[in-house]
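Trainee: make a model of this:
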Amino acid sequence: MGRVVLPIELRRTLDLDIKDPVEIFVEGESIVLRKYEAACIFCGGTKAVTSFRGRLVCADCLRQLREK
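Mentor: Reported below is the predicted structural model:
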């Protein structure tokens, strides 16, 4: 089913609510779990991110694209 059950203490620590998206990935030999934040595909920034042609781009990178 693809479900992972997290204890309430962990959900409170991560400020996770029901059905909030999370990221799960591997770093070395560790499994990392963190609350998902939309990020720019170019710089990884999370401020002023908007969807452009199905991809997330921040305002700074979008401005730079327009200038070129």
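Trainee: may I have the phi/psi pair for A48?
Mentor: Main-chain torsions, A48, degrees, to the nearest 10: phi 50, psi 50.
Trainee: for it, what are its contacts?
Mentor: When contacts are counted by C-beta atoms under 8 Å, 6 or more residues apart in numbering, A48 touches 58-60. Glycine gets a C-beta too; all of them are placed from N, C-alpha and C.
Trainee: only the buried residues of the helix ranked longest in the chain, if you could.
Mentor: With secondary structure taken from DSSP state H, the chain has its longest helix at helix 59-67. Buried residues in helix 59-67, defined by neighbour count with 16 or more other C-beta atoms under 10 Å: 61-62.
Trainee: equivalent analysis for stretch 32-52, please.
Mentor: 39-40, 49.
Trainee: quick check: mean pLDDT of that stretch?
Mentor: Mean pLDDT, stretch 32-52: 91.
Trainee: heads up, I number from 2, so please use that
Mentor: With the count now opening at 2, the last piece we talked about shows up as stretch 33-53.
Trainee: alpha carbons of it, as PDB, please.
Mentor: The C-alpha trace of stretch 33-53 is given here as PDB (Å, rounded to 0.1, in the frame of the first residue of the first chain):
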ATOM      1  CA  VAL A  33      16.000  10.800   5.800                       C
ATOM      2  CA  LEU A  34      12.500  11.800   6.400                       C
ATOM      3  CA  ARG A  35      11.400  15.500   6.300                       C
ATOM      4  CA  LYS A  36       8.400  17.600   5.600                       C
ATOM      5  CA  TYR A  37       8.200  18.400   1.900                       C
ATOM      6  CA  GLU A  38       8.900  22.000   0.800                       C
ATOM      7  CA  ALA A  39       8.400  23.000  -2.800                       C
ATOM      8  CA  ALA A  40      11.800  24.000  -4.200                       C
ATOM      9  CA  CYS A  41      13.100  25.600  -7.400                       C
ATOM     10  CA  ILE A  42      14.500  23.100 -10.000                       C
ATOM     11  CA  PHE A  43      17.400  25.400 -10.700                       C
ATOM     12  CA  CYS A  44      18.700  26.700  -7.400                       C
ATOM     13  CA  GLY A  45      16.800  24.700  -4.800                       C
ATOM     14  CA  GLY A  46      15.400  27.900  -3.200                       C
ATOM     15  CA  THR A  47      12.000  27.700  -1.500                       C
ATOM     16  CA  LYS A  48      10.900  31.300  -1.400                       C
ATOM     17  CA  ALA A  49       8.500  32.700  -4.000                       C
ATOM     18  CA  VAL A  50       8.300  29.400  -5.900                       C
ATOM     19  CA  THR A  51       5.700  29.200  -8.700                       C
ATOM     20  CA  SER A  52       4.800  26.600 -11.300                       C
ATOM     21  CA  PHE A  53       6.100  27.300 -14.800                       C
END
